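Enquirer: predicted coordinates and the sequence they were generated for:
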Amino acid sequence: ASSAELAPQSVDFTLDGRTLQAFEGETILKAARRHGVDIPHLCYQDGYRPDGNCRACVVEIQGERTLAPSCCRTATAGMQVQARSERALRSQKLVVEMLLSDMPDEGYRWIDGDAAQPHGELSAWAARLGIAVRPELRALRREPPAADASHPAMAVNLDACIQCNRCVRACREEQVNGVIGYALRGEHSQIVFDLGDALGESSCVACGECVQACPTGALSPKTRIGSQVVDRQVDSVCPFCGVGC
Ligand code: FES
């Protein structure tokens, strides 16, 4: 085959008035990011199967009544997409505002004294979009679940979990471990390890994939084991997560 036949086919579409090229089958979000345009996203992570559950990435597509999740939607030839229209931005901001308002205080600490991360990607998107916690939403927060510090290398605080499903995909699809899943339904739905075990008593192999996937710090590396401070920058052999496996 000639090099022209082997080259990936591309299609032209417009994003906020700018013409971009997308590879055939590429999503709007991926194509936008490849061209240096970032659209808010939380449940999407490069390299993982898109899941489309957070709706932070919604865009307006001309001719369609409902907003579309750009992480799941394939860009097609001639498609006209608005990621920064008033309607799209209002929706993106509302998602981030609701999730941010339901986060634990930034100063929260693990029960064994380890400092937690200040909500990672969620806080970063909130800052970029100019979003602050809304007191009326914050007042609706439920009693937080207890933190789980039973694992020697990782800590779990489901109070900061936004159920983006990234850790589940990390564990099941990337590492094929199948330790993390969902239990219960609706507003009671939550992440569980095996059959609802404490992380330290589950079949977790401490690969750390879920920690690097978590966008809020609900799963985070422990920086201290007992009284010993652990410098994960040094003892981890994994280039991605810092858990230290
Ligand atoms: Fe697209 Fe979550 S990033 S729905």
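Expert: Great, that's in hand.
Enquirer: what segments of this structure are strands?
Expert: Along the chain, counting by DSSP state E, strands occupy 10-15, 18-23, 58-61, 68-69, 80-82, 154-156, 180-183, 190-193, 219-221, 224-225, 228-229.
Enquirer: list the neighbouring strands of the fifth one plus their orientation.
Expert: Pairing partners of strand 80-82, with direction, according to DSSP bridges: strand 10-15 (parallel), strand 58-61 (antiparallel).
Enquirer: burial of Thr19, as a residue count?
Expert: Burial of Thr19 is recorded as 9 neighbouring residues (other CB atoms under 10 Å). Where C-beta positions appear, they are placed from N, C-alpha and C, glycine not excepted.
Enquirer: can you pull the contacts of it?
Expert: Applying CB atoms under 8 Å, 6 or more residues apart in numbering, we find Thr19 in contact with Asp12, Phe13.
Enquirer: one more time with 7 Å
Expert: Applying CB atoms under 7 Å, 6 or more residues apart in numbering, one finds that Thr19 lies in contact with Asp12.
Enquirer: so which of the strands paired with strand 80-82 is nearest the ligand?
Expert: Proximity to the ligand (CB to the nearest ligand atom) singles out strand 58-61 among the strands paired with strand 80-82, at 7.3 Å.
Enquirer: how far is that closest one from where the chain is centred?
Expert: The chain centroid and the centroid of strand 58-61 are separated by 19 Å, computed with CA atoms, centre = their mean, to the nearest Å.
Enquirer: who's in contact with it?
Expert: Outside strand 58-61, the residues that touch it by CB under 7 Å, 6+ apart are 28, 39, 67-70, 79, 81-83, 85, 87-88, 91-92.
Enquirer: rewinding a little: of the strands of the chain, which approaches the ligand most closely?
Expert: With CB to the nearest ligand atom, the closest approach to the ligand among the strands of the chain belongs to strand 68-69: 4.0 Å.
Enquirer: ok, residues contacting the closest one?
Expert: Under the criterion CB under 7 Å, 6+ apart, residues Gly52, Arg55, Cys57, Val58, Val59, Ile61 lie in contact with strand 68-69.
Enquirer: residues touching the residue nearest to Cys214 when sequence neighbours are not counted, list them.
Expert: Of all residues not flanking Cys214 in the chain, Cys167 sits nearest, at 5.7 Å (CB to CB, 6 or more residues apart in numbering). Cys167 makes contacts with Ile180, Ile191, Cys210, Ala213, Cys214, Leu219, as judged by CB under 7 Å, 6+ apart.
Enquirer: do you know the pLDDT at the fifth one?
Expert: Cys214 is assigned 94 on the pLDDT scale.
Enquirer: up against the ligand, what does this protein have?
Expert: Proximity of the chain to the ligand (CB under 6 Å from any ligand atom) is limited to residues His41, Leu42, Cys43, Tyr44, Gly52, Asn53, Cys54, Arg55, Ala56, Cys57, Pro69, Cys71.
Enquirer: could I get those residues in JSON lines, plus columns for pLDDT?
Expert: Below are the residues of the chain next to the ligand laid out as JSON lines (pLDDT from 0 to 100):
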{"residue": "His41", "pLDDT": "98"}
{"residue": "Leu42", "pLDDT": "98"}
{"residue": "Cys43", "pLDDT": "98"}
{"residue": "Tyr44", "pLDDT": "98"}
{"residue": "Gly52", "pLDDT": "97"}
{"residue": "Asn53", "pLDDT": "96"}
{"residue": "Cys54", "pLDDT": "97"}
{"residue": "Arg55", "pLDDT": "98"}
{"residue": "Ala56", "pLDDT": "98"}
{"residue": "Cys57", "pLDDT": "98"}
{"residue": "Pro69", "pLDDT": "98"}
{"residue": "Cys71", "pLDDT": "98"}
